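Novice: Build me a structure from this.
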Amino acid sequence: MEEQTCALSVVRNVVVLVHGEKNPNQKEFSEILSAFVSVLDKPNPRNITVTYGGGPDGRMRDAILGLLGGKDVSTAVVSDVMSVRGIVTALSWFKKGIRCFRLHEVTEALEYLEVDKNLRPAVRKEIIRLHMALGLRSTP
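Specialist: As a prediction, this is how the structure comes out:
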């Protein structure tokens, strides 16, 4: 059985992802794609990803972009890992709607995504629940 590297949930129009230090395996990546498919027909699809270094590799990122087919899904990546922050910065040069935040800036990330104020507590609870599911000690 493969080690769980990420956990995800969908809260209305928001895909909530938490990654540990490793990249997702193929089964997890299929679940990530399914989560994105589930929000594409909803108004203002959003993604908040909290990561401690793991995330989709280049091939996986290309698959996500192909799946989106040019549809904008505003994305906030929350991480203190410098390599992650660098990748997100480089992506932001070519793809609008993606921005990186530090772990203590979840509130700012949700504001950037323009997540409905009434939905923000549910998204924050999911982030905490997903942290616990992965056995991560700290939560942003």
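Novice: Pick out the residue nearest the middle of the protein.
Specialist: By CA atoms, centre = their mean, the mean C-alpha position of the chain lies nearest to residue 49, the distance being 2.3 Å.
Novice: Burial check on residue 67, number of neighbours?
Specialist: 15 (other CB atoms under 10 Å). C-beta here means a position set from N, CA and C on the backbone, and glycine is covered the same way.
Novice: still on that earlier bit, which of the three states applies to the residue nearest to the centre of the chain?
Specialist: strand (DSSP: H, G, I helix; E, B strand; the rest coil).
Novice: tell me the mean pLDDT for stretch 127-136?
Specialist: Per-residue pLDDT over stretch 127-136 has a mean of 93.
Novice: and if you look at stretch 39-47?
Specialist: 93.
Novice: Strands of the protein, start to end?
Specialist: 6-11, 14-19, 46-51, 74-78, 98-101 (DSSP state E).
Novice: how about these in a markdown table, adding distance to residue 112?
Specialist: Below are the strands of the chain laid out as a markdown table (distance: least, CB to CB, whole Å):
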| stretch | distance to residue 112 |
| --- | --- |
| strand 6-11 | 16 |
| strand 14-19 | 12 |
| strand 46-51 | 9 |
| strand 74-78 | 5 |
| strand 98-101 | 6 |
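Novice: circling back to that earlier point, list the contacts of the residue nearest to the centre of the chain.
Specialist: 17, 18, 19, 55, 75, 76, 77, 78 (CB atoms under 8 Å, 6 or more residues apart in numbering).
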